[in-house]
Every structure is written in C-alpha cells, then in structure tokens.
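> Give me a model of this one.
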Amino acid sequence: MWSFTDPPFDADGHRLRALVEDRPGLDARLIRAALVLAKQAHADTFRVSGDPAVSHPIAVATMIAAAGGNTDAVIASLLHDTLEDTPLRLVDIKRLFGVIVGRTVALLTKSVLHGEPPVMRFSDGGSVCEPSQLDSAIRNAMLIKVYDRIDNLRTAAVLPRWRRVRLADEAEARILPFARALRDDRAADALIRLARDQRANA
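Take a look at the predicted model:
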C-alpha cells in the first residue's frame with residue numbers, strides 16, 4: 001500500500017501507470033495521453049532540487065489516483081502547472097480532455113491580479129463550502145491543491161527557510177480546510193505532520 005513516506009516518485013510515472021491499471025473505473029488511455037503531454041510540456045525544465053519538473057505533477061497525480069480520485073482529477077493533476085510554466089494553452093487542454101479538466105486546471109493557475117490560484121477563494125482560513133454544493137471542477141481543484149501542497153512539503157528541504165515556513169503556515173491555514181471538507185483524513189494528517197516537520201527543521 002502506498003504511503004506518504006514513500007521515496008520520491010520517478011519522473012517516468014511507472015507507479016502512476018500501475019495504479020491506473022489497477023483501478024477499472026479510471027480511463028487508462030486518457031491518463032496515459034495526459035502523462036505523455038505533461039512530459040512533453042515540461043521537457044528540459046527542472047525543479048530547484050534538480051529533479052525534472054514533471055516529477056511534481058506525476059507525484060501529485062499518483063497520490064490522487066491512490067486516494068481514489070476520478071479520471072478528470074488525475075488528468076488535471078498531471079497538467080496543473082502547464083498553463084503557468086509551459087506554452088500549453090487552456091484551449092488545447094479543453095479540446096483534448098474536456099471542459100471539466102480545463103476548468104480544473106484554470107482554477108489551479110495563479111491569477112495575474114491576485115497572485116494566487118482562483119481555487120483559494122474557496123478557503124477563507126478555516127471554513128470551506130460543503131463539497132456536495134460545489135461542482136466537480138471545484139472539488140477536483142481542491143483535491144489537487146491538497147496533494148500539490150503535500151508533495152511541495154515533502155520536497156521542500158532544498159528551499160530557503162522563509163519559503164518552507166510560509167509553505168507550512170499556508171498549508172495549515174488555507175489548504176487543511178480543503179482536506180477536511182473533502183473528508184480526506186489521511187491527507188489532513190499528512191499536511192499537519194509535514195507542516196510541523198518543516199517548522200521544526202527551519
């Protein structure tokens with residue numbers, strides 16, 4: 001069984017493909033296509049750690065597949081950084097994977113005006129709308145934001161102290177309410193533990 005303490009994910013997506021094949025409800029063909037597109041879009045770019053940039057969306061998608069996320073959520077997690085960091089356009093994502101995936105990725109893309117992704121409007125520092133009252137794109141965006149932050153905290157050791165502390169503080173104040181609203185206790189516990197660890201090591 002996969003756990004949050006597993007070593008970093010490989011940039012080829014072997015574990016993601018295995019998880020997808022084990023879950024009959026997921027559209028493996030579409031997810032493989034999104035994986036290929038994510039690799040192409042992030043080709044020759046790297047994280048601060050030196051790891052391939054695509055290793056992050058693959059890690060997030062792997063966690064979401066393991067947590068029971070649907071096909072749209074897994075695909076959107078693979079593409080969630082593309083509008084900010086690559087030449088890929090929203091119209092292309094919608095054409096290839098549908099309106100829900102496109103809207104989810106847009107919700108996760110930082111706003112030029114506000115400096116944070118629109119999905120953060122649904123967290124006011126402790127209270128989040130009942131997920132059943134939200135559409136699927138918003139629920140998927142909240143789920144992806146949770147696992148995006150988990151992976152960022154897991155791999156934050158190379159960042160300067162102030163960034164690690166800020167990631168930890170925001171995780172508890174803004175992201176943890178998403179995990180609780182989605183009733184993902186395992187993710188909520190991971191956010192709390194990882195935030196605490198980052199502060200302790202700062």
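> Helices of this protein, start to end?
Secondary structure of the chain by DSSP state H: the helices cover 14-22, 28-41, 55-66, 71-78, 82-85, 90-97, 99-107, 136-154, 161-170, 176-181, 185-201.
> correct me, but I75 touches A34?
Yes. Look at I75 against A34 with CB atoms under 8 Å: they come within range, at 4.2 Å. For every residue, glycine as well, the C-beta is placed using N, CA and C.
> With neighbour numbers in mind, choose between those two.
I75 (31 against 25; other CB atoms under 10 Å).
> what's the most buried one of the helices of the chain?
helix 71-78 (a mean of 29; mean count of other CB atoms under 10 Å).
> pLDDT wise, what is the spatially most central residue of the chain at?
When CA atoms, centre = their mean is applied to the chain, the residue found nearest the centroid is D148 (3.2 Å). For D148, the pLDDT comes out at 97.
> residues contacting the residue nearest to it when sequence neighbours are not counted?
Sequence neighbours aside, V60 is the residue nearest to D148 in space, at 5.3 Å (criterion: CB to CB, 6 or more residues apart in numbering). Going by CB atoms under 8 Å, 6 or more residues apart in numbering, V60 touches 77-78, 80, 144, 147-148, 151.
> The helix or strand of the chain with the lowest mean pLDDT to helix 28-41, inter-axis angle?
Lowest on mean pLDDT, DSSP states H and E among the helices and strands of the chain sits helix 14-22, with a mean of 89. For helix 14-22 against helix 28-41, the angle by axes from the mean of the first three to the mean of the last three CA atoms, to 10 degrees is 160 degrees.
> For helix 14-22, output the C-alpha coordinates as PDB.
Written as PDB, here are the backbone C-alpha positions of helix 14-22 (Å, rounded to 0.1, in the frame of the first residue of the first chain):
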ATOM      1  CA  HIS A  14       5.700   3.900 -13.500                       C
ATOM      2  CA  ARG A  15       3.800   3.800 -10.200                       C
ATOM      3  CA  LEU A  16       1.100   6.000 -11.600                       C
ATOM      4  CA  ARG A  17       0.600   3.700 -14.600                       C
ATOM      5  CA  ALA A  18       0.400   0.700 -12.300                       C
ATOM      6  CA  LEU A  19      -2.200   2.400 -10.000                       C
ATOM      7  CA  VAL A  20      -4.300   3.400 -13.000                       C
ATOM      8  CA  GLU A  21      -4.200  -0.100 -14.400                       C
ATOM      9  CA  ASP A  22      -5.400  -1.500 -11.000                       C
END
